Every structure is written in structure tokens, then in C-alpha cells.
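**Student:** Build me a model:
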Amino acid sequence: MTITRRHMAVAGAFVLGASAVLPISSSFAESADATSVAEAVTALTNAMLAADKAQLEALVADQLSYGHSGGVIQTKAEFVDVIASKKTVYKSIVLTDQTVTVAGDDAIVRHAWSSESVSDGKTTMSKIGVLQVWQKQGSAWKLLARQAFKV
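**Tutor:** Numbers count the residues shown, from 1 in each chain. Coordinates of the predicted model:
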């Protein structure tokens, strides 16, 4: 078979077309994961508002390191207990300016947090920045680490 310029042009167009499709496919997978992580963040926020122990336990990793802006660090058991036992009751939590970056089975979430909570009969308003690390465990995204900071 004689290779003509037409064959070369068709082959080149095919290669360019295939290379253009591959990044779209991986971008789609990353986008789907980013959406799943954002949904997990929303589910965690709702579980905190509802003091839903089962949901809290399902959404956080066993190895959780939950850092507060005041320096307190909690394990999974401590984090879940404070909320489920209603030692702290969240009246409202509003997350804004959220970004989600997926890197394989890990995701980094950043957002601004505004909340109203009651602890020991005292109402507290907080406005902080938050960095979360989520990890895909099986088919579920779980909160592995969280660090809040004063803004």
C-alpha cells in the first residue's frame, strides 16, 4: 500500500482527536470525584447539624485528626461524641468559597465556615477558614483530617 499525504492527514487527525478525548475522560472522572467529595462535605455538615451519630461515624475515617482553630485536636471518637452527645449543638453552619481538588484517592477541600453553636449554655458565633483532607476508602469519601484557622 502506498502512503499518501491524505493517509498521513487522516492518521494525524485521528491521533489528535484521540489525544483530545483522553484528557476529557480523565477530567470527567476528576469532576465526578470532586462532585462526590462536595456531596460528602454537605452530608457531614448536615450530620453535624442533626447530631446524627451514625452518619458522623460513616463519613469520617477511623484515623481522623480534627483540628479546631483554638488548637484542640480530636480523634474520631472525640469528634463524634461531642456532637452526638450534644455537648456542642450546631444551630447553623454555612460554608462559602469552597474549592475541591482531587488527587487520586485523596481530595483537598478549603472553605470559609460561619456557624452558631451552643456549648455549656453559651452561644458562640464563629467565622474561620477550614482545610479538609478527604480520602476515598472503597467507594466512599471519608474525612481524614481537618484543620481550622482564624481569619
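
**Student:** For the rest of this, base every contact and every neighbour count on C-alpha atoms.
**Tutor:** Noted.

**Student:** Can you show me the strands along this structure?
**Tutor:** Taking DSSP state E to define them, one finds strands in the chain at 60-67, 73-74, 88-103, 106-119, 122-137, 140-150.

**Student:** Switch those over to CSV; also include mean pLDDT, distance to residue 48 and mean neighbour count.
**Tutor:** Shown next, in CSV, are those (pLDDT from 0 to 100; distance: least, CA to CA, whole Å; neighbours: other CA atoms under 10 Å):
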stretch, mean pLDDT, distance to residue 48, mean neighbour count
strand 60-67, 98, 12, 19
strand 73-74, 98, 15, 16
strand 88-103, 97, 7, 16
strand 106-119, 98, 11, 17
strand 122-137, 97, 15, 17
strand 140-150, 98, 13, 20
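
**Student:** nearest to residue 33, of those?
**Tutor:** Across the strands of the chain, residue 33 has its closest neighbour in strand 88-103 (7.0 Å, CA to CA).

**Student:** what are the pairing partners of that closest one, and which direction each?
**Tutor:** strand 106-119 (antiparallel) (DSSP bridges).

**Student:** between the strands of the chain, which gets nearest to residue 38?
**Tutor:** Judging those by CA to CA, what sits closest to residue 38 is strand 88-103, at 7.1 Å.

**Student:** Give me the pLDDT for the residue nearest the centre of the chain.
**Tutor:** Centroid-nearest residue in the chain: residue 37, 4.3 Å away (criterion: CA atoms, centre = their mean). pLDDT for residue 37: 98.

**Student:** circling back: could I get the strands of the chain as TSV with distance to residue 42?
**Tutor:** What follows is these, written out as TSV (distance: least, CA to CA, whole Å):
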stretch	distance to residue 42
strand 60-67	13
strand 73-74	20
strand 88-103	9
strand 106-119	12
strand 122-137	13
strand 140-150	12
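
**Student:** which one of the ones you listed lies closest to residue 53?
**Tutor:** Nearest of the strands of the chain (CA to CA): strand 60-67, 10.9 Å.

**Student:** mind listing what the closest one pairs with, with the direction of each?
**Tutor:** For strand 60-67, pairing defined by DSSP bridges yields strand 73-74 (antiparallel), strand 140-150 (parallel).
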